[in-house]
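*Asks:* everything below, folded, please.
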Amino acid sequence: MKQFLIIILVVLTNLLHAQKTHTPIVFVHGMLGSGDTWVRPMQNFMSQGYSKDQLEVLDWNSTSFANKAAEQQLDSIIDVVLNRTGAQKVNLVGHSAGGNLCNNYLKEEKHAVKVNNYVHVGSFALNKAPSVRTLNLYSTKDKIVKGAAIEGAKNVALADLDHYEIATAIESFKQMYGFFNSSTPLSFKEETKTEHIMLSGRVVSLGENKAEKNAFLEVYPFDALTGERLTKKPVFTTTANAQGYWGEFKANANTHYEFIIKPADKNKRVIHYYREPFSNNNQWVYLRTLPQVGMAQMLLGTLPNDKTQVALAVFSANKAVIHGRDELTVNSVALSSEEFAAESKTAIAFFLYDANKNNTTDADAISAFRILPFMSGIDLYFAPKNEPIHLQYNKSNLKVKPIPSDEGVMVVVFD
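*Replies:* Next comes the predicted model:
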């Protein structure tokens, strides 16, 4: 017993020491992403002794070409983290278009002096590494950005990860952790099951990441076998603050939840989010509203808004849906086909509605989504009646009750 207590004391001492000495990390997402790109990596870093204060995300408008504004935003975030933690420098991680943003940021010496190490994740090939110590992580299966070695960087090619998965995969985390700490993770556990899960996050517009201030949030548990809500009244309500932050909600483990976002602006669409059970505390639960301007608005403005049909979106939170590797069906219609989920598409989001308004599921590709990566649109008709919609993604199954599109857009998120 005495020996056991000594071991526990040593472990706790090491964790406390690690928390004091770890260099804080700032993560930068890619095109159409948000801070929740980095949920799994950040949870993994926390399992190794990093504190919440030592982990930060930049939510930038990836639909805009005004990258100088995003660079200034990144600089401000880094200053906040340095002031908050008392550290002299941060470690920086950029994925995809976020890597391009980080590289441009590091070209200025006044910025580079604030950064200790940089990780370029699934991002564009550079002629040479930035002036700071750099890890270049890329995948041989990335069909969006062709990875290549960068002169002056530590180059690591990972196998079989899609363009989005390379940011979230455990293999990538281990490479980042080792690069930052010159060691491997200790007693690594990716997930921790607990009876209660503490949740919080942000409400922002898709792509723009504009804070949806004063949005009202309701949360209901629902039965994944029937789609029925388990309570008549919400188990949690709150209003997002001026920066879009909401929380904190004490959720039950092994429970599916419906999150309803009602923007303060009544001209904006209500969004119903359906989430699988959370397996760990999560302060980065992002709930997105539809943008009002720009490229994303032009595309998502095609979603129906009437009493006769449902508007449903299906998201994969940590990797793309790839034909031949994954299985995604909605009411037995295969969305993981070569047409909708080709490797070259790297589809993360599927938008499903009756595009030609013939009250029939034609299962045809919606033309507006054909040319873009990451998103597929399929003509599926869901009548707003009592029959639940059945979704299956690999080993996950759930049902949701259909809602007329004039009452809100339905979004199912698979982890």
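*Asks:* where does residue 80 fall, phi/psi-wise?
*Replies:* Reported as degrees, to the nearest 10, the phi and psi values for residue 80 are phi -60, psi -50.
*Asks:* and what of the one 3 residues further on?
*Replies:* The phi/psi pair for residue 83 (degrees, to the nearest 10) reads phi -70, psi -40.
*Asks:* do you know how far it is from residue 76?
*Replies:* From residue 83 over to residue 76 the distance is 11 Å, taken as CB to CB, to the nearest Å. For glycine as for every other residue, the C-beta is placed from the backbone atoms N, C-alpha and C.
*Asks:* point out where this structure drops to low pLDDT.
*Replies:* Segments of the chain classed as low confidence (criterion: pLDDT under 70) are 1-20, 187-194.
*Asks:* need the helices for it, in chain order.
*Replies:* Assigned by DSSP state H, the helices in the chain fall at 2-21, 39-47, 67-85, 97-106, 109-112, 165-168, 170-181, 294-300.
*Asks:* quick one: closest of these to residue 281.
*Replies:* helix 39-47 (7.9 Å; CB to CB).
*Asks:* ok now that closest one, how far from the chain's centre?
*Replies:* For helix 39-47, the distance between its averaged C-alpha position and the chain's averaged C-alpha position is 13 Å (CA atoms, centre = their mean, to the nearest Å).
*Asks:* just the CA trace of that helix, in CSV.
*Replies:* Presented in CSV, the C-alpha positions along helix 39-47 are these (Å, rounded to 0.1, in the frame of the first residue of the first chain):
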residue,chain,number,x,y,z
VAL,A,39,-11.7,18.9,-29.7
ARG,A,40,-10.0,15.5,-29.7
PRO,A,41,-6.5,16.8,-29.8
MET,A,42,-7.2,19.3,-27.0
GLN,A,43,-8.9,16.6,-24.9
ASN,A,44,-5.8,14.4,-25.5
PHE,A,45,-3.4,17.2,-24.4
MET,A,46,-5.5,17.8,-21.3
SER,A,47,-5.2,14.1,-20.5
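*Asks:* so which elements touch it?
*Replies:* strand 25-28, strand 55-58, helix 165-168, helix 170-181, strand 282-289 (3 or more CB pairs under 8 Å, 6 or more residues apart in numbering; DSSP states H and E).
*Asks:* try 7 Å this time
*Replies:* If you count contacts as 3 or more CB pairs under 7 Å, 6 or more residues apart in numbering; DSSP states H and E, helix 39-47 packs onto helix 170-181, strand 282-289.
*Asks:* what's next to it, contact-wise?
*Replies:* With contact meaning CB atoms under 7 Å, 6 or more residues apart in numbering, helix 39-47 is reached by 25, 55, 168, 173, 176, 189-190, 280, 282, 284, 318.
*Asks:* ok so, going back, can you redo the helices of the chain as JSON lines with distance to residue 356 and mean neighbour count?
*Replies:* Compiled in JSON lines, the helices of the chain are given as follows (distance: least, CB to CB, whole Å; neighbours: other CB atoms under 10 Å):
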{"stretch": "helix 2-21", "distance to residue 356": "57", "mean neighbour count": "11"}
{"stretch": "helix 39-47", "distance to residue 356": "37", "mean neighbour count": "22"}
{"stretch": "helix 67-85", "distance to residue 356": "38", "mean neighbour count": "16"}
{"stretch": "helix 97-106", "distance to residue 356": "33", "mean neighbour count": "23"}
{"stretch": "helix 109-112", "distance to residue 356": "50", "mean neighbour count": "13"}
{"stretch": "helix 165-168", "distance to residue 356": "34", "mean neighbour count": "24"}
{"stretch": "helix 170-181", "distance to residue 356": "41", "mean neighbour count": "19"}
{"stretch": "helix 294-300", "distance to residue 356": "17", "mean neighbour count": "16"}
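*Asks:* residue 359: which of these is closest?
*Replies:* Proximity to residue 359, assessed across the helices of the chain by CB to CB, is greatest for helix 294-300 (22.1 Å).
*Asks:* can I get that closest one as PDB, trimmed to CA atoms?
*Replies:* Extracted C-alpha coordinates of helix 294-300, given in PDB (Å, rounded to 0.1, in the frame of the first residue of the first chain):
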ATOM      1  CA  GLY A 294     -21.100  35.500 -48.700                       C
ATOM      2  CA  MET A 295     -20.300  32.200 -50.500                       C
ATOM      3  CA  ALA A 296     -21.700  29.900 -47.800                       C
ATOM      4  CA  GLN A 297     -25.000  31.900 -47.700                       C
ATOM      5  CA  MET A 298     -25.400  31.600 -51.500                       C
ATOM      6  CA  LEU A 299     -25.000  27.800 -51.200                       C
ATOM      7  CA  LEU A 300     -27.100  27.200 -48.000                       C
END
